[in-house]
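J.: From the sequence below, what's the structure:
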Amino acid sequence: MFDVGETLIDETRIWSRWADRLGVPRLAFLGVLGGMAALDRHHRDTFEILRPGTDVEAEIVKWREEDPDGLRENFDAGDLYPDVRDALEKLQRKVTVIIAGNQPPQAKAALEKMRLPADAIFTSAEWGVEKPDQAFYLKVAEVAGVKPQEILYVGDRLDNDVLAAGQAGMRTALIRRGPWGYLHSQRPQATKADVVIDSLHELPDIVETL
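T.: Below you'll find the predicted structure:
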C-alpha cells in the first residue's frame, strides 16, 4: 500500500508553481515548507507565513478560472519519481499493489490516467477520512481484503504513515525523500518503521524478507 505525495509523486513542480502564483521566490517557498516539516506544522501554514491572509481554497478556484488547462496545484505523469513504474511492476508480480493517500478528488483521475502497475487506487477524498485518522487504515485493510499485519504501508512521513499505520497493526516502510522523509528519518521514532529505504527499488526484495 502506497502513499502518494513524495512517495510516488515528486511535488517540486507543484510547490514551485505555487511560489510563482503567490509572487515569492521559489527558494523561499520551498524553504518555509521545509521549516513546516521540521516543526511538525501543517504545510498550509506556509501560505500564511509568506502571504498572510491567503484563502487557499479561494485562490485555487480563481487559479482554475484563469488557467483552466494548466496543471496549477495538480500533478501528472511528469511528476512521478523515476523508480515508480519499474518498482511497482516488479512488486505486482509478487503482491497486490494498492495506492491510497491523502489526496483531493481530482488526484484519483490523474493517477488512473498514468496507468500505473497498481491493482487499485483510492484517495482520502472519496473515503471522507484522512490520515492519520485510524478510520483511514481500517479502510485500507478493508479494500486490501487482508489482515493489517499482512499490509506493508509505504510513505514519507512518521506521523501519517509509519506511526499511524503501525498503530493499526500494519508493517511500515519509511522512504527518505521529500522534506518530511529526510527529516523524519533522522528522528528516534524512525526505528518504529520496519524498514527505512532510499528507493522503491529496494521493496521487491524487502517484501520477501518481511
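
J.: Mind listing residues that contact the lowest-mean-pLDDT helix or strand in the chain?
T.: Taking mean pLDDT, DSSP states H and E as the measure, the helix or strand of the chain with the lowest value is helix 203-209, at a mean of 93. Helix 203-209 is contacted from outside by 87, 90-91, 94-95, 152, 154, 173, 195, 197, using C-beta atoms under 8 Å, 6 or more residues apart in numbering. Every C-beta, even on glycine, is put in place using the N, C-alpha and C of the backbone.

J.: now with 6 Å?
T.: Contacts of helix 203-209 with the rest of the structure, by C-beta atoms under 6 Å, 6 or more residues apart in numbering, involve 87, 90-91, 95, 195.

J.: same question, stretch 85-97
T.: For stretch 85-97, the surrounding residues in contact (C-beta under 6 Å, 6+ apart) are 116-119, 200-201, 203-204, 207.

J.: neighbours around the residue lying closest to Arg51 once chain neighbours are set aside, how many?
T.: Leaving aside its sequence neighbours, Arg51 sits nearest to Leu22 (C-beta to C-beta, 6 or more residues apart in numbering; 5.1 Å). When neighbours are counted by other C-beta atoms under 10 Å, Leu22 registers 15.

J.: Quick check: Leu22 vs Phe29, distance?
T.: 7 Å (C-beta to C-beta, to the nearest Å).

J.: and for these two, which residues touch both?
T.: Common neighbours of Leu22 and Phe29, counting by C-beta under 6 Å, 6+ apart, are absent.

J.: domain assignment for the protein?
T.: Segmentation of the chain into domains, based on automatic domain parsing, reads 12-66, 77-209.

J.: Same list (the contacts of helix 203-209) but as JSON lines, adding distance to Gly128, neighbour count and pLDDT.
T.: Shown next, in JSON lines, are those (distance: C-beta to C-beta, whole Å; neighbours: other C-beta atoms under 10 Å; pLDDT from 0 to 100):
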{"residue": "Ala87", "distance to Gly128": "30", "neighbour count": "22", "pLDDT": "98"}
{"residue": "Lys90", "distance to Gly128": "33", "neighbour count": "17", "pLDDT": "97"}
{"residue": "Leu91", "distance to Gly128": "28", "neighbour count": "21", "pLDDT": "97"}
{"residue": "Val95", "distance to Gly128": "27", "neighbour count": "17", "pLDDT": "96"}
{"residue": "Val195", "distance to Gly128": "31", "neighbour count": "17", "pLDDT": "97"}
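
J.: got CSV for these, with distance to Gly181 too?
T.: Below are the contacts of helix 203-209 laid out as CSV (distance: C-beta to C-beta, whole Å):
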residue, distance to Gly181
Ala87, 16
Lys90, 21
Leu91, 19
Val95, 22
Val195, 13
